[in-house]
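Novice: I would like the atomic coordinates for the input below:
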Amino acid sequence: MARYLNPFTDFGFKKLFGNEQNKELLISFLNQILPDNQISVINYLRTEHLGQTDLDRKVIYDLYCENERGEKFIVELQKAKQSFFKDRTLFYATFPIQEQAQQGDWNYELKAVYTVAVLDFCFDDEDRDKVKVQVKLMDTEQKTVFYDKLTFVYLQMPNFRKTEEELETLEDKWFYLLRHLAELQNRPQRLQDKVFDRLFEAAEIARFNPEEREAYEDSLKYYRDVKNSLDTAREEGLQEGIKIVALRMLAKGFTPAEISEVTGLTASEIQKLGKQ
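Specialist: I've put the predicted structure just below:
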């Protein structure tokens, strides 16, 4: 029986990083991921954002916060590959940019926006073998940063393969915890840093109240269903597999929005599958 929660579940990720009690965990994590931008204070912001008109798309972040300098941070957990995922993260980043617009005379000076995506999969492109992919707008001729206020960091956690004995930096330790927390039965010797005291306390399933335990079990079931369906898809061929995944998710009662997030299929495609 697992002692600690799975941080790749929606409940687990928000339990560790998305509440006031655990602010220090989010600050430590972001300070390791973005070492050039040290945070001392962070405030959680509303995660739902609407476009300028009724026709614009609504977005809901996993976590959205700002530091003491007013810089914005989008922190996303992505369990499965999704068509146009990089496009999606770019689209999400436009909302914190637009929200900074001021009425009247304004010089267009912007606060920085950071997107950190924790991935339970790897890209299929030239970045597929990296653990950490950091992206900024670049001058393609000079190979220098053209604009440093828009940053995307993608963490491909399956690529992190260091053992406990090989952990050197605090960033290594954070990656190891994300990758292996659900498998641990005891706190490893290399993870005795003070910042992790709160993490192991918050992650211990035995400490959950009945409502938290039920919510976690539901979230864990969703995670396992998604992973099992995707494993089946890989075995049975990508295109046909995607349709199989969608049909199985429909049969299990997933909403069209949840199915679209996992498979990349449109609402109309999912509707057609449901009629077959």
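Novice: okay, which residue of the protein is out on the far edge from center?
Specialist: In the chain, the residue that sits farthest from the middle, by C-alpha atoms, centre = their mean, is residue 105; the gap is 36.6 Å.
Novice: next, it: secondary structure please.
Specialist: coil (DSSP: H, G, I helix; E, B strand; the rest coil).
Novice: tell me the spacing between it and residue 97.
Specialist: 19 Å (C-beta to C-beta, to the nearest Å). (Glycine included, C-beta is placed from N, CA and C.)
Novice: and if you look at residue 14?
Specialist: From residue 14 to residue 97 the distance is 24 Å (C-beta to C-beta).
Novice: the two: which has the busier surroundings?
Specialist: Applying other C-beta atoms under 10 Å to residue 14 and residue 97 shows that residue 14 carries more neighbours, namely 19 against 14.
Novice: so where's the stretch 1-150 of the chain uncertain?
Specialist: By pLDDT under 70, the low-scoring segments of the stretch 1-150 of the chain are 49-58.
Novice: what about the strands in it?
Specialist: 42-44, 48-49, 59-60, 63-67, 72-78, 113-119, 132-139, 144-156 (DSSP state E, counting those that start in this stretch).
Novice: output the contacting helices and strands for the first one.
Specialist: Where contact means 3 or more C-beta pairs under 8 Å, 6 or more residues apart in numbering; DSSP states H and E, strand 42-44 is packed against helix 23-33, strand 63-67.
Novice: equivalent analysis for the longest one, please.
Specialist: Judged by 3+ C-beta pairs under 8 Å, 6+ apart, the packing partners of strand 144-156 are helix 85-98, strand 113-119, strand 132-139.
Novice: neighbours of the closest residue to residue 48 other than its chain neighbours, how many?
Specialist: Counting by C-beta to C-beta, 6 or more residues apart in numbering, residue 48 lies nearest to residue 60, which is 5.0 Å off, once chain neighbours are set aside. The tally of other residues near residue 60 (other C-beta under 10 Å) stands at 10.
Novice: before we move on, what about residue 95?
Specialist: Neighbours of residue 95 (other C-beta under 10 Å): 19.
Novice: and if you look at residue 203?
Specialist: Residue 203, neighbours per other C-beta under 10 Å, totals 24.
Novice: quick one: the residue nearest to it when sequence neighbours are not counted from residue 28, how far?
Specialist: In this structure, residue 203 finds its nearest non-sequential neighbour in residue 4, 4.3 Å apart by C-beta to C-beta, 6+ apart. For residue 4, the distance to residue 28 equals 18 Å [C-beta to C-beta].
Novice: and what of residue 152?
Specialist: 21 Å.
Novice: same thing with residue 196?
Specialist: 9 Å.
Novice: which ones are touching residue 123?
Specialist: 133, 154, 156 (C-beta atoms under 8 Å, 6 or more residues apart in numbering).
Novice: beta-bridge partners for the last one, please?
Specialist: Each beta-bridge partner of residue 156 is listed here: residue 119, as defined by DSSP bridges.
Novice: now it: how far from residue 191?
Specialist: Per C-beta to C-beta, residue 156 is found 21 Å from residue 191.
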